[in-house]
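>>> have a look; sequence and predicted model below, questions after that.
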Amino acid sequence: MELSYDEIRRIHRLEKNSAKLVQVEQEFFNFLNEFIFKEKKEYLDSLKDFSSTKSRDFSNLKKMIEEIFALREKKLLNMALVASRTNVSDEDNMATQEKKLFNEILRALKKHNEILGDLFSDNGSTPQNKKDLNNLSVGILSDIPSFVGADMKEYGPFKKGSVEKLPVKIAKLLTERKLAEVKQ
């Protein structure tokens, strides 16, 4: 399949006017990449001739493609959200790259929904056995001397390679400074 301005305009119009994903080829983004490469080359050549028409056409093409991308992305997010709650997923009309994104989002949403399930589960577990949502397990990436946190409690010292359960704020501070990484 070779894309054209007309085909992109058609997809753009349909994406704007439909709540569902417009059907595209599995390799849509590969075809789009080839089309943009060709159009960009023509656009750059036209700059030598001071052609404002080609410049305007390329600018319009860029805006249309960005809008198609944003609309499809929003639809994928909504589809993943619905699928995470209903366990019914529909990958029809998705390009290969979109299927990968959809499945990654779906996995993340399902993992996040486990928190809700854990909050209301009654598997005979006592509060001590329930997941602690206020602490994170982090892997220590380098030796850290003891320090006092914002809560005025002392933490550490921590040895490189150890795994520690820390309050979320402290864990976030250490991960932002590349001293630790979150463990699952």
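Noted; the coordinates are in hand. Numbering: from 1, shown residues only.
>>> excluding its backbone neighbours, what's nearest residue 99?
residue 91 (5.2 Å; CB to CB, 6 or more residues apart in numbering). C-beta here means a position set from N, CA and C on the backbone, and glycine is covered the same way.
>>> quick one, strands of the chain?
For the chain, the strands defined by DSSP state E cover 135-140, 147-148, 154-155, 163-167, 180-182.
>>> and those strands: which comes nearest residue 44?
Nearest of the strands of the chain to residue 44, taken as CB to CB: strand 180-182 at 42.9 Å.
>>> circling back: for residue 79, see how far away the residue nearest to residue 99 is.
Per CB to CB, to the nearest Å, residue 91 is found 9 Å from residue 79.
>>> so what's in contact with the two at the same time?
residue 102 (CB atoms under 8 Å, 6 or more residues apart in numbering).
>>> neighbour count: those two, which is higher?
residue 79 (21 against 13; other CB atoms under 10 Å).
>>> would you confirm that the more buried one contacts residue 90?
Yes - counting by CB atoms under 8 Å, residue 90 is a contact partner of residue 79 at 6.9 Å.
>>> now the biggest helix by length in the chain: how far from the chain's centre is it?
Criterion DSSP state H: the longest helix present in the chain is helix 52-86. Put simply, helix 52-86 sits 15 Å off its chain's centre (CA atoms, centre = their mean, to the nearest Å).
>>> average pLDDT for that helix?
Averaging pLDDT along helix 52-86 yields 90.
>>> buried residues in that helix, which are they?
54, 57-58, 61, 64-65, 68, 71-72, 75-76, 79-80, 83-84 (16 or more other CB atoms under 10 Å).
>>> quick one, phi/psi of residue 153?
phi -100, psi 150 (degrees, to the nearest 10).
>>> kindly report the same for residue 91.
Residue torsions, per degrees, to the nearest 10, at residue 91 are phi -100, psi 10.
>>> going by the annotation, which residue ranges form each domain of the chain?
5-120, 135-182 (automatic domain parsing).
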